[in-house]
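Colleague: coordinates only, sequence not included:
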Ligand SMILES: *Cc1c(COP(=O)(O)O)cnc(C)c1O
């Protein structure tokens, strides 16, 4: 059997272990320390735009704290892009609030500004103005920032930017992770950089960052004894994990370049296969191409191809199954136009890691070519 080719696997720079070793040598084995501060500074310098970063245990915890910071409470409604990973939506439920799912448009596969406005108007007509909007840059492709912002500003609703898949992407020259009233990043094992597990909240002011860190470290008031006037969480990133993050930041741009070159390689390899199309980058958009996704002409081609790849020990995966199709969210309100359902039926993510070898990329192309030659 050929060796397994993964969709997206960790890719170390070699610098990580020196930061981790330093943490051991200095006994900073705790959820604070020089690596935590160093990693936050690295992210701030990378993102620019006066961003203030709180390193946390996961992207999911960053989303949860974002909702808390925006005052989302029991009984509130929060709009969320339906086409996403469940972690975008779950924290809404942690707060006892209701997710309202909004469909995608075809140019970026992200939240459709038209459906967004329909949803907001209808929720207001039904008696409740949504408290926040969670918009996602899926697979690294920026959402329609100007259009979504315009709707959000018109109704005066805050945006949480889920940038878990889009560190290294930018829109009209500005980095993803700096567009929301609050933004989040993820460093889980399959993301563009990884700390084995981790995330961050990006805030526009140092006060909001400090408030996030306060909540993430059990909401301890300033007193010699343990004093609490708010509910806290144990969501801070550890200094060991942050050491991996510092090492990863040294190669973020080359990871982006590798993933983009994978995308170009596939695009070129399949240019004569009519059944395969790619998501183009609109003018002004720059995707980190975290995952290269293809659209097939039908659900049966998509599933046939997925199984053919699996037989060759190559991992591929259908695009995210929309949240409005998930059993756990069957009762949540939704505003649909059919786009995310169609993308789910016809879309497939191909192996996209920054560490794929030429040999591995060629194996994927060969398997896909053979599939289409046989049918
Ligand atoms: C990975 C991911 C998250 C969650 O991040 P974790 O660090 O795994 O908690 C949230 N949203 C999206 C879109 C993701 O892909």
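Modeller: Cool, got the structure. All values derive from a computational prediction rather than experimental measurement. Numbers count the residues shown, from 1 in each chain.
Colleague: Neighbours of the nearest residue to residue 326 once chain neighbours are set aside, how many?
Modeller: With sequence-adjacent residues excluded and distances taken as Cβ to Cβ, 6 or more residues apart in numbering, residue 326 is closest to residue 86, at 6.8 Å. Every residue, glycine included, has its C-beta placed from N, CA and C. Neighbour count of residue 86, defined by other Cβ atoms under 10 Å: 13.
Colleague: hang on, residue 86 packs against residue 325?
Modeller: No. Residue 86 is beyond contact range of residue 325, at 11.3 Å (criterion: Cβ atoms under 8 Å).
Colleague: which residues make contact with stretch 33-50 from outside it?
Modeller: If you take Cβ atoms under 8 Å, 6 or more residues apart in numbering as the criterion, stretch 33-50 is touched by 19, 22-23, 26, 28, 51-55, 174-175, 177-178, 185, 200, 202, 204, 236-240, 242-243, 245-246, 249, 252.
Colleague: and if we set it to 6 Å?
Modeller: 19, 23, 51, 53, 55, 175, 177-178, 237, 239, 242-243, 245-246, 249 (Cβ atoms under 6 Å, 6 or more residues apart in numbering).
Colleague: Tell me the spacing between the residue of the chain found nearest the ligand and residue 166.
Modeller: Going by Cβ to the nearest ligand atom, the ligand is nearest to residue 59 of the chain, at 2.6 Å. For residue 59, the distance to residue 166 equals 11 Å [Cβ to Cβ, to the nearest Å].
Colleague: For residue 2, give me the pLDDT.
Modeller: Residue 2 is assigned 85 on the pLDDT scale.
Colleague: How about residue 310?
Modeller: Looking at residue 310, its pLDDT reads 97.
Colleague: what's the answer for residue 180, then?
Modeller: So, for residue 180, pLDDT stands at 97.
Colleague: The one 4 residues further on too?
Modeller: Confidence per residue is given as pLDDT, and for residue 184 that number is 98.
Colleague: what about it, which SS state?
Modeller: strand (DSSP: H, G, I helix; E, B strand; the rest coil).
Colleague: Would you mind confirming that it makes contact with residue 62?
Modeller: Yes. Using Cβ atoms under 6 Å as the test, residue 184 is close enough to residue 62 to be in contact (3.8 Å).
Colleague: Give the residues shared as contacts by these two.
Modeller: Common neighbours of residue 184 and residue 62, counting by Cβ under 6 Å, 6+ apart, are residue 201.
Colleague: Do I have it right that residue 76 meets residue 131?
Modeller: Yes. Assessed by Cβ under 6 Å, residue 76 is found in contact with residue 131 at 4.4 Å.
Colleague: Any buried residues in stretch 128-146, and which?
Modeller: Using 16 or more other Cβ atoms under 10 Å as the test for burial, stretch 128-146 gives 130-145.
Colleague: same question but for stretch 253-271, I mixed them up
Modeller: Buried residues in stretch 253-271, defined by neighbour count with 16+ other Cβ under 10 Å: 255, 256, 258, 259, 260, 262, 263, 265, 266, 269, 270.
Colleague: State the mean pLDDT of stretch 8-16.
Modeller: When pLDDT is averaged along stretch 8-16, the result is 94.
Colleague: Run through the residues of the protein sitting next to the ligand.
Modeller: For the chain, the contact set with the ligand under Cβ under 6 Å from any ligand atom comprises 58-60, 84-85, 87-88, 136, 162, 164-165, 186, 188, 199.
Colleague: Narrow these to those in strands?
Modeller: Assigned to strands by DSSP state E, the following of the residues of the chain next to the ligand qualify: 136, 162, 186, 199.
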